[in-house]
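>>> Got a sequence here, can you build the structure:
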Amino acid sequence: MNKKKFLKKSAGVSFFLCSIIFLLSCAWAQSPRGYTEADMIKMVSGIHWLGHDAFRIESDGMVMYFDPFMLKEGGPKADLILITHDHFDHNNPADVAKIRKPDTVIVTVAKAAEKLTGDVRQIGPGEEMTVKGIRIRTIPAYNINKFRKPGVPYHPKESGYVGYIVTVKGMRIYHAGDTDFIPEMKGLEPDIAFLPVSGMVVMTVEEAVEAAAAIRAKITIPMHVGGPVGNISAAQKFKEKASVPVMVLPLEK
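Here you go, the predicted model:
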C-alpha cells in the first residue's frame, strides 16, 4: 500500500472510531448493564458489515457471523454462525463453507438446517440456547404488509423465521432478520440492533424509524442494503430520520 492510500485508510478508520465514541457518548445516558463505555466501543469496533444482512463480529478471539452471504475467500473462520431463515441470500451453503472449520457451530431454523451440514443446531421463535458461552435468544421475524401475492407474505409468521438476540461480554446484540415492524420488537432494549431498512420485502425506512424508536437500542445499525436488493442510500435516509442513535457501518470490501 502506498503512503497516500495508507493515510487515506488511516483517516477513514480514525473518523469511524470518532463516530463510535460520539454516538456512545450520546447514548450513555441510558443505564449500562455492568460494562463500561470503553467495552462498548471495543465491541462496536469489532463489528464488520459484509453487505446485505451479513455481519461478522470479532470479540476477544471469538468470531461470529450472521447470515453469511457473498463472502470473499480467506476471511476469518467462524466459531459460531447464526442464520435467520432459509432464503438463499441468508442461508447459502457455499458461503458457509468458506468460513466453517471443524468445530464451527451453526444455529438456525429447521428449514435452513435441511440445507447445511456439520454441527447444526435447530432453534425456533421464542427459544433460547447457549453455545460456546454465547447466550442466544430468538425473536420472531415476519412480514405483516409485504406480499408475494394477496395474502401470501414473503416471510410468513408460520414459517418460523427468526431474529437473534445474542449476549456477548454482557452486551446484547439484536439481529432482526428479514421482518416488518412487529409487536415482538417493542421494548427489547438491546445494546446494539441491526435493522433492515430497504423496503424490499422488509421494513421501509419510515417503518424502520418506528421500529427503532420502539426497540430503543443504544446504537442501531441499518442493513438489508448493499447487496442483491435495496439502495445503500436508504441507510443514510434512515439515519437522518431516526430518533435514536444510528451508525451506518462502512461496507467491508
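>>> which ones are touching A176?
Applying CB atoms under 8 Å, 6 or more residues apart in numbering, we find A176 in contact with I139, A141, G163, M185, A193, F194, L195, P196, A211. Where C-beta positions appear, they are placed from N, C-alpha and C, glycine not excepted.
>>> any idea which of the residues you listed is closest to I221?
F194 (5.1 Å; CB to CB).
>>> confidence score at L17?
If you check L17, the pLDDT there is 58.
>>> among the contacts of A176, who's most crowded?
Highest neighbour count within those: P196, with 31 neighbours (other CB atoms under 10 Å).
>>> Just the pLDDT for that one.
98.
>>> Check the one 5 residues further on too.
Residue-level confidence at V201 comes out at 95, pLDDT.
>>> and it, how many residues sit next to it?
Neighbours around V201, by other CB under 10 Å: 20.
>>> For the chain, which helix or strand comes out least confident on mean pLDDT?
Lowest on mean pLDDT, DSSP states H and E among the helices and strands of the chain sits helix 3-27, with a mean of 51.
>>> all helices for the stretch 1-150 of the chain, in order.
3-27, 37-45, 93-99, 110-113 (DSSP state H, counting those that start in this stretch).
>>> what's near enough to touch the closest residue to L50 other than its chain neighbours?
Distances taken as CB to CB, 6 or more residues apart in numbering place E252 nearest to L50, at 5.5 Å, with adjacent residues excluded. Contact analysis of E252 by CB under 8 Å, 6+ apart lists H48, W49, L50, G51, R56.
>>> Please report how far E252 lies from I47.
Look at E252 and I47: by CB to CB, to the nearest Å, they are 10 Å apart.
>>> What of G177?
Applying CB to CB to G177 and I47 gives a distance of 17 Å.
>>> Which one's more surrounded, these two?
Legend: neighbour count by other CB under 10 Å for G177 and I47, higher for G177 (30 against 22).
>>> The more buried one: what's it in contact with?
Taking CB under 8 Å, 6+ apart, one finds D53, D67, T84, H85, H90, A141, Y161, V162, G163, Y164, P196 in contact with G177.
>>> Could you give the number of residues near the fifth one?
Pointing back at H90 there. H90: 22 neighbours (other CB under 10 Å).
>>> start at 52 instead
I'll keep to 52 as the first residue from here, and by that count the last item is H141.
>>> That one - nearest residue in space that isn't next to it in sequence?
D118 (4.2 Å).
>>> I'd like to know how many residues surround the one you found.
30.
>>> what is the rounded mean pLDDT of stretch 159-172?
On average, stretch 159-172 scores 97.
>>> Residues contacting that stretch, please?
So stretch 159-172 is contacted by 132-137, 141-142, 144, 147, 151, 154-158, 173-175, 180, 182, 210-213 (CB under 8 Å, 6+ apart).
>>> Mind giving me the PyMOL command for buried ones among the residues you listed?
Filtering those down to the buried ones (16 or more other CB atoms under 10 Å) takes a single PyMOL command:
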select buried, resi 132+133+134+135+136+137+141+142+147+151+155+156+157+158+173+174+182+210+211+212+213
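>>> Mind checking which of the contacts of stretch 159-172 are in strands?
Cross-referencing the contacts of stretch 159-172 against strands under DSSP state E gives I132, L133, I134, V156, I157, V158, Q173, M180, V182, V213.
>>> Of all pairs in those residues, which one spans the longest distance?
Every pair of the ones in strands among the contacts of stretch 159-172 checked by CB to CB; the farthest is V156 and V213, at 16.1 Å.
>>> Common neighbours of E303 and I98, please.
Counting by CB under 8 Å, 6+ apart, the residues touching both E303 and I98 are R107.
>>> Show me the shaky parts of the stretch 52-201 of the chain.
Applying pLDDT under 70 to the stretch 52-201 of the chain flags the ranges 52-84.
>>> and G125, how many residues sit next to it?
G125, neighbours per other CB under 10 Å, totals 8.
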